[in-house]
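Novice: pasted the sequence and its predicted model underneath.
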Amino acid sequence: MSNSYHMPVLPKPDGKKVTINVDGRDVEVPEGTNLVEALKTIGIATPHFCYHPDLPVAGNCRQCMVETDGPRGMGLAIACYTPVRAGMKVATDHSSEKVKTARKAVMEFQLANHPLDCPICDKAGECSLQDNYMSAGGQTSRMREGIGKQYKGSPENRHQDSKGQDRGGKHLDLGPTVILDQERCILCDRCVRFMRDVAGSEQLYIAGRGDHAFLSTFPGSELSHEYDLNVTDVCPVGALTGKHFRFHQRVWNLVSTQTIDPTDSLGANITVDHYDGQAWRIMPRRNPDVNKSWIHNDTRLAYQKLSENRLAAGLFGKNEIPLSQATSRLGELVRGARKLALVASGHLTLEDNAAILALAQFLGSRAEVFGGSWLPVGKPDNIARSGDPVPNRLGQKLLGIADNLDELVRRAKEFDVLVVVGHDLWKIAPSKAKALEAIPERIVLSAWHDDSVAKATLSVGIRSWAEVRGTMVNCQGRVQMMQAAPILPSPDLEPAWQILSSAGRLGWTSELDAFRFAQGRIPALAGLTYRNIGPMGRILEGVVA
């Protein structure tokens, strides 16, 4: 069984406000919102387990208790389900002993039969049980020494450990990506609601009743969905963990760098979590207007490629050369070209593509810019992907770069130098790209040893998407920021815009110079700075997505 009511009513920037009384003082809060969100707007955090802003309200855990006024005076109510009304009175733990006692009691019940797995649990450091215990619990254990914990779990997975303690289901393989520790589960059913109401594929459920209830898949089925790793995010404890991250790193060591999904034009907001120069995971970053709190499994696992098969130097033919030498050779070939073809990419930032345009402008009639992509466009999934695998396609269009790669193929023999930046043309469409081998000098700027590097006469390693600071424009017409994580495989690697600036002697010293050039090409960027674009991005006025 699983409770599921309406979606939470969240505050809107331009929404109407009403006056309510909270802990004896009058405050203004958004009308109609639930109390968890309303109290948050005035700086009061409400502990909770089952509530999530992007899932239907369930009211399972009872941790968010407050007192509100009613026909019989003040009484306890759950803040996640109680809507704001003008003139209502609310008492939180700041003024009500009854609320403190109720929240403390819920915490005691939650912990009474929860395993003491914190030293080995991946959720330790970002666990709601730990957080809420510090804010709403803090009680001394009243468990008797002779009575052990009663761990939940499905009957077929119950067992006795080496100490003779009856245990529940441990490290159960739910499917390709997720592991379940049933005895850690607090039955908040966030994961059930995610799979049913967001993913649209109800693969998890609560079996049994009362203190015999446990989380499971349906009999004979497994948890397998392209978004199923999101259940590990919404799990407030360590019951659901991802195989890709399980026992790999302690979360308190990790530092998060904000960026966006490089695999789709919706540009889901994410963080790259890194430690000691290595990316350890990618996590969703909530943006209610883009991807809410969700990311696709492929997006989440993209961090694994950041340390694989990297091109961290230059290649002259098949021979490795220092990056400085490769960059110098690139400049000589570009400036000495009779006819140069520059291939821009929707996988690059606005700043990188601006550098391509500026280089072409510097070289004049000797250079032509080509753009577009041969990747097929699919359908949106209405969760966190638009179906278009080119993340900055709209940004490329706004810069005035044509979708004309096929024209380059037809005219390949006109050029003596080709520069491909951030595009693996030979992998995407090898039959088309083969015609480009008629160009004598083929220069590829890439972060990886890819198929295009294999066909190049000169290759130059550049930073990957996770290692650059810049902007992209998503399919909504929203300009969004990417920040650079310090995870370079070589300290000598530079972003594409910097390599191209050196080749064309543009004199750019930072990505801000490239952004200003892009502003000259895109009127909608006028007046924007990296600071006022902000972490949530900005919709560009007048831009038709």
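Specialist: Happy to help now that I have it.
Novice: and residue 106, that's in a helix?
Specialist: Yes: secondary structure assignment (DSSP: H, G, I helix; E, B strand; the rest coil) places residue 106 inside a helix.
Novice: from what I can see it touches residue 62, true?
Specialist: Yes: A contact is recorded between residue 106 and residue 62 when judged using Cβ atoms under 8 Å, the distance being 5.2 Å. C-beta coordinates here come from the backbone N, C-alpha and C atoms, glycine included.
Novice: which parts of the stretch 151-300 of the chain are helices?
Specialist: Assignment of helices within the stretch 151-300 of the chain using DSSP state H, counting those that start in this stretch yields the ranges 190-193, 230-234, 297-300.
Novice: below-threshold pLDDT in the stretch 1-150 of the chain: ranges please.
Specialist: For the stretch 1-150 of the chain, residues meeting the criterion pLDDT under 70 lie at 1-4.
Novice: my error: substitute the chain in the last question.
Specialist: Along the chain, the parts satisfying pLDDT under 70 run over 1-4.
Novice: how many neighbours does the closest residue to residue 118 other than its chain neighbours have?
Specialist: Distance criterion Cβ to Cβ, 6 or more residues apart in numbering; nearest residue to residue 118, sequence neighbours excluded, is residue 124 at 4.8 Å. One way to gauge burial is a neighbour count; for residue 124, by other Cβ atoms under 10 Å, it gives 17.
Novice: pretty sure residue 124 is touching residue 247, no?
Specialist: No: the criterion here is Cβ under 8 Å, and residue 124 misses it with residue 247 at 11.7 Å.
Novice: bridging across strands, which residues link to residue 255?
Specialist: Here residue 255 sits in beta bridges with residue 274, as judged by DSSP bridges.
Novice: ok, now which ones touch it?
Specialist: The contact partners of residue 255, by Cβ atoms under 8 Å, 6 or more residues apart in numbering, come to 273-275.
Novice: is it true that residue 151 touches residue 116?
Specialist: No: using Cβ under 8 Å, residue 151 makes no contact with residue 116, being 11.1 Å away.
Novice: and these two? Which one has more around it.
Specialist: In terms of neighbours (other Cβ under 10 Å), residue 151 is the more surrounded of residue 151 and residue 116; the figures are 21 against 9.
Novice: so who does that one touch?
Specialist: With Cβ under 8 Å, 6+ apart as the criterion, the residues that contact residue 151 are 113, 115, 165-168, 183.
Novice: what's the PyMOL line that selects buried ones from these?
Specialist: Buried residues within those, as defined by 16 or more other Cβ atoms under 10 Å, are selected in PyMOL through the command that follows:
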select buried, resi 113+115+167+168+183
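Novice: out of the contacts of residue 151, which comes closest to residue 66?
Specialist: For the contacts of residue 151, the residue nearest residue 66 by Cβ to Cβ is residue 113; the value is 26.1 Å.
Novice: one step back: which one (most neighbours) among the contacts of residue 255?
Specialist: Neighbours here mean other Cβ under 10 Å. Within the contacts of residue 255, the largest count is held by residue 274, at 22 neighbours.
Novice: now it: how far from residue 247?
Specialist: Noted for residue 274: a distance of 18 Å to residue 247, by Cβ to Cβ, to the nearest Å.
Novice: same question for residue 17.
Specialist: Distance, residue 17 to residue 247, by Cβ to Cβ: 47 Å.
Novice: with residue 530 instead?
Specialist: Shown here: residue 530 relative to residue 247, a distance of 37 Å by Cβ to Cβ.
Novice: please say which of those two ends up with more neighbours.
Specialist: Under the criterion of other Cβ under 10 Å, the comparison of residue 530 against residue 247 puts residue 530 first, with 14 against 10.
Novice: check contacts around the more buried one.
Specialist: Residue 530 sits in contact with 469, 471, 481, 512, 515, where contact means Cβ under 8 Å, 6+ apart.
Novice: make it 10 Å
Specialist: Residue 530 sits next to 469-471, 481, 483, 511-512, 515 when contact means Cβ atoms under 10 Å, 6 or more residues apart in numbering.
Novice: narrow those to those in helices?
Specialist: The members of these that map onto helices under DSSP state H are 511-512, 515.
Novice: buried members of the residues you listed into ChimeraX, please.
Specialist: Selecting the buried subset of the ones in helices among the contacts of residue 530 in ChimeraX, with 16+ other Cβ under 10 Å as the burial test, is done by:
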select :511,515
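Novice: let's have the contacts of residue 151 in TSV, adding distance to residue 10.
Specialist: Putting the contacts of residue 151 into TSV (distance: Cβ to Cβ, whole Å) gives the following:
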residue	distance to residue 10
113	34
115	34
165	43
166	43
167	40
168	36
183	34
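Novice: from the contacts of residue 151, which land in strands?
Specialist: Helix and strand membership here follows DSSP state E; of the contacts of residue 151, those in strands are 166-167.
Novice: quick one: which of the contacts of residue 151 is nearest to residue 239?
Specialist: Using Cβ to Cβ, residue 183 is the member of those that sits closest to residue 239, with 8.3 Å.
Novice: next one: the closest one from residue 192, what distance?
Specialist: Computed as Cβ to Cβ, the residue 183 to residue 192 distance reads 18 Å.
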